[in-house]
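> Need coordinates for the below:
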Amino acid sequence: MGGRVARWRAWWATDRRAVRPIRRLLLVGAAGAVLSTAVTAASVVWIRDGAEGHVFTAAEVPEAPVALVLGAKVEPDGTPSPFLAGRLEIARQLFAAGKVRVVLVSGDHMNWDYDEPDAMRRWLVERGVPADRVVLDHAGFDTYDSCARARRVFGVRQATVVTQSFHLPRAVTLCRRLGIDTNGVGDDTARRYADQWRISTTREYGAAVKAAADVLSGRDPVHLGRRETAVDDALRAG
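This is a model prediction of the structure:
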């Protein structure tokens, strides 16, 4: 009997030692999950607060010198995707209504065989926007870079940013935090692509954390480059 008790005690002590690391991992995982949720929630609130009072319809948005159109997918044949076409149509309407005088198209041209800004310019010019009123930013690799370059490279101080409505609060907040007096107009026509819209909306939670981290770090854009006068020249021409 005494031997069995001793063996049981030895097994129990060994088992408890084995359980402790697992318990620690579970506690660390739970703490990490709580922290991640708190950071995400705080980032989303920060973005919503930053955009409060600065989101409008195309008909109601105040005038601004520049419309900043953020890039999105371009098809292999050079045609803007429906999401990008929705943004460009808003910019066209703003220009036609005299709400903006210059359109700055900012997108990805990291590889020579993929060129968002030129596809955006072509779409606008084909629909009546004068070519000399469209300025291209070939290094708008993400929302932060587009806003930072608009301010630091192109000297934009006041703008209307245009993107999808689920993305708009983040775009407005980032541009405002980076020194541009910004209002925004969001496109909802692409909502008909329900699955893609839902996926993109969900991704905004993670993007909110990245946006907050970018602003806190004050990082430079991937490609900062020298000061360019293209926006100033287009405004003078107009």
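> Of all residues in this structure, which one is nearest the centre?
Thr143 (3.8 Å; CA atoms, centre = their mean).
> Confirm for me that it is in contact with Val172.
No: using CB atoms under 8 Å, Thr143 is not in contact with Val172; the gap is 10.1 Å. (Each C-beta comes from the backbone N, C-alpha and C, glycine too.)
> returning to what we had before: spit out the contact partners of the residue nearest to the centre of the chain.
Counting by CB atoms under 8 Å, 6 or more residues apart in numbering, Thr143 touches Leu70, Thr163, His167, Arg170, Ala171, Leu174, Ala207, Ala211.
> How about Phe83?
Phe83 neighbours (CB under 8 Å, 6+ apart): Ala72, Lys73, Gln164, Asp187, Ala190, Tyr193, Gln196.
> residues in contact with Ala208?
So Ala208 contacts Thr40, Ser43, Val44, Trp46, Ile47, Arg170 (CB under 8 Å, 6+ apart).
> quick one: which of these is nearest to Arg236?
Arg170 (31.7 Å; CB to CB).
> Pull the number of nearby residues for the closest one.
28 (other CB atoms under 10 Å).
> got the contact list for the helix or strand encompassing it?
When elements are assigned from DSSP states H and E, Arg170 belongs to helix 168-177. Contact partners of helix 168-177, identified using CB under 8 Å, 6+ apart, comprise 46-51, 54-55, 68, 70, 143-144, 147, 150-151, 159, 161, 163, 182-186, 204, 207-208, 211, 214-215.
> Skip ahead from it and say which helix or strand is next.
strand 181-187.
> Paired strands for that next one, with orientation please.
Next to strand 181-187 in the sheet, as set by DSSP bridges, lie strand 55-56 (parallel), strand 158-164 (parallel).
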